[in-house]
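Undergrad: what follows is a predicted protein model with its sequence.
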Number of protein chains: 2
Amino acid sequence: MINEVYLALLQEKRFAELSRELIEQKEADIAEFIDELNSTDALLVYRLLPKNLASEVFAFLDIDRQTDISSLVSEAELKALIEQLNFDDKIDLIEEIPAYVVEKILKNASITERKLINQFLNYPEDSAGSLMTIEFVDLKQDMTLKAAMERVRLIGKGKETIYTCYVTDSMRILEGIISLKDLVLGQPDKLVGDMMETNVISVSTHDDQEIIASEFMKYDFISMPVVDGENRLVGIITIDDVVDIIEEETTEDFQKMAAIIPTDDEYMEASPFALAKRRIFWLAILMFSAVITEFITSANVHITGEFVILVSLMPMLMSTGGNAGAQASTLVIRAITLGEIHFKNVATVIFKEMRVGLMLGVTLGILNFIRLYIMGKPVKIAMVIGLTLIGTTTMAALLGGTLPILAKKLKLDPAIMANPLITTITDATTLIIFFLISTLILL
Amino acid sequence: MINEVYLALLQEKRFAELSRELIEQKEADIAEFIDELNSTDALLVYRLLPKNLASEVFAFLDIDRQTDISSLVSEAELKALIEQLNFDDKIDLIEEIPAYVVEKILKNASITERKLINQFLNYPEDSAGSLMTIEFVDLKQDMTLKAAMERVRLIGKGKETIYTCYVTDSMRILEGIISLKDLVLGQPDKLVGDMMETNVISVSTHDDQEIIASEFMKYDFISMPVVDGENRLVGIITIDDVVDIIEEETTEDFQKMAAIIPTDDEYMEASPFALAKRRIFWLAILMFSAVITEFITSANVHITGEFVILVSLMPMLMSTGGNAGAQASTLVIRAITLGEIHFKNVATVIFKEMRVGLMLGVTLGILNFIRLYIMGKPVKIAMVIGLTLIGTTTMAALLGGTLPILAKKLKLDPAIMANPLITTITDATTLIIFFLISTLILL
């Protein structure tokens, strides 16, 4: 809406006005506008911003835009931009930009920072180590709350959060945490060691982001400490990064469930070839697994040859079976992701899906029997279809509910049991049930 | 893992030991254990906890467990439990529990609180009004930072967050916000009015939770003010609630995309009948829409009658088309949700999916041509299948990519264009393309 106005100003080259309009906006909104432009326009608009605002907007830009801008600005400017970023965002950027720009950055960094940056670049992608920031406030047990507050005031400025402070011993072993709330509200002469929470939940540098996100959700944290193998505090992770992780993991789940090889690339940025590459693998696998339906159908030409009407009903039966299976598997996969269903619940799920499937199947079977009867089809055909729907829907619900749990038990990702694979499996079972019932009733 | 140990202690009725073990744990972990038990055991274990710990654990329990416990404890105990909850969690609980328990609660509340509770119960479900808490720190412009800190110390204790403070005028109109970080790190004699951020992003009481979540993600907030129609500050929403909202909305998206009527009921808690009710609607609609495939197939019995092998290849063609369509629609629906694709991008998406679909179709077509040729099928049949796969995959990618955008434009939820509906649509187009190409090549 408002972006249309900016876009018009940009196209009409009314730069002074555009600049005046943008200055009034929030950094995140300006960044959103710039993210949507092409590279040239983006750089142009970015140049219209006053220097201070520009470097604040920089932190909100897409990593792609940040990369563009980093490659084009002067060394001095780059230094200023990089300084504006939090340490974890700095690492993200360095991982993306071309090597010659990284060199420019490292040349400008202090020796300590250079060492740190190199260390961070060695953590596995999506691990706590690569997500954490080293900008936290550390306190000692023997400080009074008053002294602690003074330390917060002294070193708090550049820290990503000061709302949770970390208590360590002289070896940097994590001993406890204390919130700024407790520091502010507590009696100034009390000791940090007496007021701190010692039962601390932490993650280790190599933990995956999925684990981190679930811990945050479970405990309602706003930040979490990251420790190394010796329980030494090496960094912290804050909630704003976790919200991004949740979005990313969700996107990957959606993709996996649609038989796409997951990435967090943006759709609009990806080339058609890159998109095709991520889709062809499962598409080909599933196509070849469908060969089993060929065998089943071929083996039953004597029935379909005699009763040609059956052929026209096959697509409806298969799609209903597929949908019933996909419903069950989606519910169960999601419940597994949220930690609601475990392997020990498999019997409950089987029994539940059997009853659900029967209810659905009987309803659909009766509805279709009536429809075919009204349309003047032979009663025996209507019976075959009605009974097949009961059998196939029940079987699909059962398979859709159970296979994701089994996949999980076999240490596979339950999401592979989503729609496409379940549909391939139910297609085959639907045809088997269909031809079995046809043979019994019609031949 | 650890829960197995507790479970064993519970079954062997070694209550004293169990109690000792539990006391050592985090509140959230104890709550998780209790959530997994049946009602009777849950209440029993809950009773084993010391009073103070029990009321803290209460706040972490499932709303269902909270309801159970509320109905069973004495009036005095209930009062203590309710007091432990934040105001927004209190409202959640009151919305769930039976009327006679609500009465008990209201009887124990002060007149002001009773009025407030009634007011909150009138906000639409999932609106900012029903999610917000009224426990925030408000400041005035003319306070010094020192005076502001004193006020935080004075009234901060019971507040859900003190990390963002809200500056209002005498009419409670929201004038700005200031973070505790700024209060702590700033010079004590500066004025709040000079230091506060005036460009404040707020939501209004009737805004939906989906909007709230996206604002939080965009701006990296840890809390956000809620204002009424006259811009008066009425409450705040904190990030921990937003993380829950994101989970809830994601679950609903997954369900919608699998043609299930969405709720946030837990799978394990829902009765088979309740589950069936949420699935039957779309299953029946989709089943009846599949009637179109019946007509298409019936109209082509002269081809399938002459070349029976075609019947056995139908399932494979339809499932491949369905999968290709589902891949495209999943990617596009997700990109719409994340605000990456808008209606203005429709031409780009069409052009992109056409190219992706062609690449996929040509690959699959060639693979299948070779397979059928090797298996000794007639070359003409292999050609029909190869060409059909090219046509059907391209068409499916195009439809899957475009229809969600059109749905959005028509103010429908793009998620309805997910797997099941796309599959039904691609089933029909696949058959049309298949019979068209068969007629051209074989007859």
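TA: Yep, that arrived.
Undergrad: strands of chain A, start to end?
TA: Counting by DSSP state E, chain A has these strands, from start to end: A:138-139, A:164-168, A:174-179, A:203-204, A:223-227, A:233-238.
Undergrad: so the fourth one, near chain B or not?
TA: No - using CB under 8 Å from any CB of the partner chain, strand A:203-204 stays clear of chain B, with a minimum separation of 14.4 Å. (C-beta placed from N, C-alpha, C; glycine too.)
Undergrad: so for residue A:397, what's the pLDDT?
TA: As summarised for this prediction, residue A:397 has a pLDDT of 96.
Undergrad: just to check, residue A:266 is in contact with residue B:335?
TA: Yes - counting by CB atoms under 8 Å, residue A:266 does reach residue B:335; the two are 7.3 Å apart.
Undergrad: who touches both of those two?
TA: Residues touching both residue A:266 and residue B:335 (CB atoms under 8 Å, 6 or more residues apart in numbering or on different chains): none.
Undergrad: out of those two, which sits in the more crowded spot?
TA: Counting neighbours by other CB atoms under 10 Å in any protein chain shown for residue A:266 and for residue B:335 shows that residue B:335 has the greater number, 22 against 15.
Undergrad: for chain A, see how far away the more buried one is.
TA: According to CB to the nearest CB, to the nearest Å, residue B:335 and chain A sit 4 Å apart.
Undergrad: surely that residue is in contact with residue A:267?
TA: Yes - look at residue B:335 against residue A:267 with CB under 8 Å: they come within range, at 4.2 Å.
Undergrad: can you pull the residues that touch both of those two?
TA: With contacts defined as CB under 8 Å, 6+ apart, the residues adjacent to both residue B:335 and residue A:267 are residue B:341.
Undergrad: up against chain B, what does the stretch 51-200 of chain A have?
TA: A:149, A:152-153, A:156-157, A:162-163, A:180-181, A:184-185, A:199.
Undergrad: now residue A:56, nearest residue through space, not along the chain?
TA: The shortest distance from residue A:56 to any non-neighbouring residue, by CB to CB, 6 or more residues apart in numbering or on different chains, is to residue A:27 (4.8 Å).
Undergrad: residue A:376 and chain B: what is the separation?
TA: Plainly put, residue A:376 is 13 Å away from chain B if you go by CB to the nearest CB.
Undergrad: what about that residue, neighbour count?
TA: 6.
Undergrad: quick check on it: phi, psi?
TA: Recorded main-chain torsions at residue A:376 are phi 80, psi 20, according to degrees, to the nearest 10.
Undergrad: thinking again about what came up before, closest one to residue A:290 among the strands of chain A?
TA: Put simply, out of the strands of chain A the one that sits nearest residue A:290 is strand A:203-204, at 43.0 Å, with distance taken as CB to CB.
Undergrad: each with direction, which strands does that closest one pair with?
TA: Here the strand partners of strand A:203-204, with direction, are listed using DSSP bridges: strand A:223-227 (parallel).
Undergrad: now do the strand it pairs with, average pLDDT.
TA: Confidence over strand A:223-227 (mean pLDDT, whole number) is 91.
Undergrad: likewise for stretch A:237-244?
TA: Stretch A:237-244 comes out at a mean pLDDT of 86.
Undergrad: quick one: that stretch to chain centroid distance?
TA: Taking CA atoms, centre = their mean, to the nearest Å, one finds the center of stretch A:237-244 at 13 Å from the center of the full chain.
Undergrad: still on that earlier bit, ok, the residue nearest to residue A:56 to residue A:244 distance?
TA: 17 Å (CB to CB, to the nearest Å).
Undergrad: same check, this time on residue A:442
TA: Taken as CB to CB, the spacing of residue A:442 relative to residue A:244 amounts to 58 Å.
Undergrad: got it, and residue A:46?
TA: The span separating residue A:46 from residue A:244 equals 22 Å under the rule CB to CB.
Undergrad: higher neighbour count, those two?
TA: Neighbour comparison, residue A:46 and residue A:244: the larger count goes to residue A:46, with 21 against 16 (by other CB under 10 Å).
Undergrad: domains for chain A, by residue range?
TA: According to automatic domain parsing, chain A comprises the domains A:2-129, A:138-238, A:290-442.
Undergrad: in JSON lines: these, plus distance to residue A:273.
TA: Output for the domains of chain A, formatted as JSON lines (distance: least, CB to CB, whole Å):
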{"stretch": "domain A:2-129", "distance to residue A:273": "18"}
{"stretch": "domain A:138-238", "distance to residue A:273": "28"}
{"stretch": "domain A:290-442", "distance to residue A:273": "22"}
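Undergrad: so which of the ones you listed comes closest to residue B:103?
TA: For the domains of chain A, distance to residue B:103 was read as CB to CB. The smallest value, 30.0 Å, belongs to domain A:138-238.
Undergrad: how long is that closest one end to end?
TA: Across its full length, domain A:138-238 reaches 15 Å between end residues, using CA to CA, to the nearest Å.
Undergrad: for stretch A:35-51, same thing?
TA: End-to-end distance of stretch A:35-51 (CA to CA): 18 Å.
Undergrad: what sits against residue A:193?
TA: Residue A:193 neighbours (CB under 8 Å, 6+ apart): A:141-142, A:167, A:175-176.
Undergrad: any chance of those residues in TSV, with distance to residue A:21 too?
TA: As requested, the contacts of residue A:193 are exported to TSV (distance: CB to CB, whole Å):
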residue	distance to residue A:21
A:141	53
A:142	54
A:167	48
A:175	51
A:176	49
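Undergrad: show the buried residues in those.
TA: If you count burial by 16 or more other CB atoms under 10 Å in any protein chain shown, the buried members of these come out as A:141, A:167, A:175-176.
Undergrad: which of the residues you listed lies closest to residue B:421?
TA: Using CB to CB, residue A:176 is the member of the buried ones among the contacts of residue A:193 that sits closest to residue B:421, with 53.9 Å.
Undergrad: okay, residue A:118: pLDDT?
TA: Here, the pLDDT recorded for residue A:118 equals 69.
Undergrad: cool, and residue A:430?
TA: Taken from the predicted model, the pLDDT recorded for residue A:430 is 96.
Undergrad: could you measure from the closest residue to residue A:359 other than its chain neighbours over to residue A:397?
TA: Counting by CB to CB, 6+ apart, residue A:359 lies nearest to residue B:276, which is 4.1 Å off, once chain neighbours are set aside. In this view, residue B:276 and residue A:397 are 9 Å apart by CB to CB.
Undergrad: name the residues contacting each of the two.
TA: A:356, A:360.
Undergrad: the two - which one has more neighbours?
TA: Neighbours were counted for residue B:276 and for residue A:397 using other CB under 10 Å; residue A:397 has more, 33 against 21.
Undergrad: tell me who's in contact with residue A:321.
TA: With CB under 8 Å, 6+ apart as the criterion, the residues that contact residue A:321 are A:392-393, A:395-396, A:426-427, A:429-430.
Undergrad: got a pLDDT number for the residue at minimal distance from the centre of chain A?
TA: For chain A, the residue whose C-alpha lies nearest the mean C-alpha position (CA atoms, centre = their mean) is residue A:249; its distance is 1.5 Å. In the predicted model, residue A:249 carries a pLDDT score of 87.
Undergrad: I'd say residue A:231 and residue A:171 touch.
TA: No - using CB under 8 Å, residue A:231 and residue A:171 do not qualify as a contacting pair, with a distance of 9.5 Å.
Undergrad: of these two, who's got more company?
TA: With other CB under 10 Å as the criterion, residue A:231 and residue A:171 differ in neighbour count, and residue A:231 comes out ahead with 16 against 8.
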